[in-house]
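K.L.:
with the input below, show me the fold.
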Amino acid sequence: MNLTLPPEVADLFVREQIHFAAAPEAFFQAWKRGIEIAGPEWFGDGTMEGMRKATSKWDLRPNLLAIGEALSVLSSGQRMFLSAMVSFYNAREGAAMLRQCRFEGLADFGGLDLHSRQVIADLLLNYVGW
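P.N.:
A predicted model of the protein is given here:
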């Protein structure tokens, strides 16, 4: 019995393997771009130098306490973007922050600028877990 896959299924499988093999590094690079937008004070050791020296996403974990305390004084775009980034690190905390920002669905990201939207899209596309 010959159990070969149709070519289009085999191609899709190969494309997904290639994509997800590169995804951790692509996620890390998108994460760093997000930190540049949001500000390094919310991540890792809170410095630009710390961001430059980081070798993995673990070096740039969000400071949940500082972000949570600042949500009430940040602009709506800053709150939305930071909360979305937090949601990749910790779904429960991120969801709570997004609710606090009155986030009701993906269409709410329409208020973000192009660079922020691209970061969120790249994070989503390359997320393989924290």
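K.L.:
for residue 82, the count of nearby residues, please.
P.N.:
Using other C-beta atoms under 10 Å, residue 82 has 27 neighbouring residues. For every residue, glycine as well, the C-beta is placed using N, CA and C.
K.L.:
name the helices or strands packed onto the helix or strand hosting residue 12?
P.N.:
Assigned by DSSP states H and E, residue 12 belongs to helix 7-38. If you count contacts as 3 or more C-beta pairs under 8 Å, 6 or more residues apart in numbering; DSSP states H and E, helix 7-38 packs onto helix 48-53, helix 76-89, helix 114-126.
K.L.:
count of residues packed around residue 13?
P.N.:
Quick note: residue 13 (other C-beta under 10 Å) scores 11 neighbours.
K.L.:
just the helices and strands packed on helix 7-38: most buried one?
P.N.:
Among the helices and strands packed on helix 7-38, helix 76-89 has the highest mean neighbour count (mean count of other C-beta atoms under 10 Å), at a mean of 21.
K.L.:
surely residue 90 meets residue 67?
P.N.:
No. Residue 90 is beyond contact range of residue 67, at 10.7 Å (criterion: C-beta atoms under 8 Å).
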